[in-house]
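Asks: Following is a predicted model, sequence given first.
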Amino acid sequence: MDRIHKKTVLPETSTLILGAHDAGAELLWDRYEQQLPLCGFTSNGLNCRKCFQGPCRINPFGDEPSRGICGADRDQIVMESLFQATLDGVLESARMAALLAPGEAGHELPELGAALSPAASARLSQAGLLPVKKADLFAVQNSYFSHKSYLASTLGDLTRLGLINLDLLAQAGTAAARQQTNSFPLGTDAINVLILGHPPFALSHALEAERSGEKRINLIAGGAAPDHGSPELVLGAVDVLLVAADAAWPAVEPLAKRYGVPALIADPKRTAREVAAEVIDQACRHAQTAARPAGSSSAAAPASARPAILEQKEALRAGFAAGRFTGAVVILGEANVKQSFFERTLALMEAALGARALVLLGGELGSQTPLLTTEIERRKSGLLSTFAAELRTDGLAPISCFGSAFEIPQLVGLLNGLGEERQRPPVVAALPEFFRSSTWASAVSFLALGYPVQIGVRLPFWGSPPLLETITREWQRLTDGRLLAGPSLPSPAAQADELVGLLKAGSAD
Ligand code: SF4
């Protein structure tokens, strides 16, 4: 913990990490450091444990072993890793949609709506990728290894998966909008219930009913809490944890125990009303005894069903037409322990704002919007205030949170609706830090729709240089989507320059 500046660039987060460390809490950085050094084969996607003859590994330097026991070589194994990661991410979206809205996925063809622009639709149809069926999730050709001559075709399967993913996100988003959870603030004089994962709708409804009494209760969605990048850091301010079946962060329950925060599971054998009543009862008991930092925010109002930016189509049109902004950067992801929290995100935000592009933050990075905005103000207050003053004419803000990945289909529909392909603002999707396969699946969705996608994490797919070449070149040929990623990860400053270049190139089209 002595190299705290390596863990995060936000001063507030450093203080929290040090405080948690002094209190004896085990945080993700400790667990990461115990894993080091990481396996070089795995980091490059050069191992395989797909069948029970393995696990196999490929020598990264060209020596033997150059093939797995079944005969798969480096390119095939790496492409399989990429494919499996994408499929895992899409299945995660499918699970979330099924949990939130069981039995509502009746349609066979993904409903892509406004997210699919006419130009993207024409491109994908020409490439034979439309229509795509949801059943393609189980029928893609790469159900085992791609034979060598089919490696490039796997990108077609990935594109189909990206389109199906969009539909699943939209479906989950519609269902989640019915659940009245807050994002922030955490009320220091209210009762805070932190919900990890997505509980069934009946349970969310029952919690909302319990909440409607006299008690001031915040229902906080885990992925939407301002947790400085780790839900573990938010535990000091919550009264009960509700852990749903799809909750991430497997270490959070023992940590909650250490803090004395009750953790309950969404037990399917009990009725939703029983579980909700116990959640609220335990939260109230905890709140009576918990020592809280000074502060006086109260129970937050339920978050609106749609983030404000998603309702501002006319303002966006007017602002762009008047030249008050030049483009938009959609920044999506979550802090990753392998890099200093928020360093790359802030570098890209500063570059985008300097180029007078709107910053649209989403996913778990979106829930840190107030923290990140404060940090940008601290570093670049003149830049931010000037841009903010210009945008105020249209009721826009330089930095906005567009919500979770569930809102990506709506956001893309909104951006598509700002004009014909060559007349609307250039948009770049950037994932400066992330670790979830579902976030990677969102990147694939952006690529499927033809957006440039900048990746700021070293992905475990680059053990095959020829495959990288295939992926970047062929994907652009197929969908017009440009994947800006590679084995030698550029510095945050270099990626910031690249981002500005992409925005300028988009404006010049
Ligand atoms: S490389 Fe082939 S034999 Fe080895 S684990 Fe993978 S599938 Fe099995």
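Replies: Arrived safely, thanks for sending.
Asks: Let me know the pLDDT of the residue of the stretch 251-400 of the chain found nearest the ligand.
Replies: Distance from the ligand to each residue of the stretch 251-400 of the chain (Cβ to the nearest ligand atom) is smallest for residue 338, at 25.5 Å. The C-beta positions use only the backbone N, C-alpha and C, and glycine is treated the same way. Listed pLDDT for residue 338 reads 91.
Asks: starting at the chain centroid, how far to stretch 318-328?
Replies: 26 Å (Cα atoms, centre = their mean, to the nearest Å).
Asks: Mind listing what's buried along it?
Replies: By neighbour count on 16 or more other Cβ atoms under 10 Å, the buried set for stretch 318-328 is 319-320, 324-328.
Asks: correct me, but residue 155 touches residue 471?
Replies: Yes. Counting by Cβ atoms under 8 Å, residue 155 does reach residue 471; the two are 6.8 Å apart.
Asks: The ligand contacts on this protein?
Replies: Counting by Cβ under 6 Å from any ligand atom, the residues of the chain close to the ligand are 48-51, 53-56, 68-70, 72.
Asks: So residue 155 and residue 471 - more neighbours on which side?
Replies: For residue 155 versus residue 471, neighbours defined as other Cβ atoms under 10 Å are more numerous around residue 155 (28 against 25).
Asks: in what helix or strand does the more buried one lie?
Replies: Assessed by DSSP states H and E, residue 155 sits inside helix 154-176.
Asks: got a list of what residue 40 touches?
Replies: When contacts are counted by Cβ atoms under 8 Å, 6 or more residues apart in numbering, residue 40 touches residue 60.
Asks: Relative to residue 462, how far out is it?
Replies: Per Cβ to Cβ, to the nearest Å, residue 40 is found 12 Å from residue 462.
Asks: do residue 504 as well
Replies: 27 Å.
Asks: Neighbour count: the two, which is higher?
Replies: Between residue 504 and residue 462, residue 462 has the larger neighbour count (other Cβ under 10 Å), namely 21 against 13.
Asks: Among the buried residues of stretch 318-328, which are located in helices?
Replies: 319-320 (DSSP state H).
Asks: Let's see which of the buried residues of stretch 318-328 end up in strands.
Replies: Counting by DSSP state E, the part of these found in strands is 327-328.
Asks: now residue 78, nearest residue through space, not along the chain?
Replies: By the measure of Cβ to Cβ, 6 or more residues apart in numbering, the closest residue to residue 78 outside its immediate chain neighbours is residue 464, 4.1 Å from it.
Asks: residue ranges for the helices of the stretch 101-250 of the chain, please.
Replies: For the stretch 101-250 of the chain, applying DSSP state H, counting those that start in this stretch gives helices covering 118-126, 154-176, 201-211.
Asks: Reformat these into TSV and put mean pLDDT next to each item.
Replies: Formatted as TSV, the helices of the stretch 101-250 of the chain follow (pLDDT from 0 to 100):
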stretch	mean pLDDT
helix 118-126	91
helix 154-176	90
helix 201-211	81
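Asks: most tightly surrounded among those?
Replies: helix 154-176 (a mean of 25; mean count of other Cβ atoms under 10 Å).
Asks: Can you spell out which helices and strands pack onto it?
Replies: Other elements packing on helix 154-176 under the criterion 3 or more Cβ pairs under 8 Å, 6 or more residues apart in numbering; DSSP states H and E are helix 74-100, helix 408-416, helix 437-448, helix 465-479.
Asks: for this protein, which spans come out with low pLDDT?
Replies: 1-5, 103-106, 139-146, 179-189, 212-215, 222-225, 291-306, 508-509 (pLDDT under 70).
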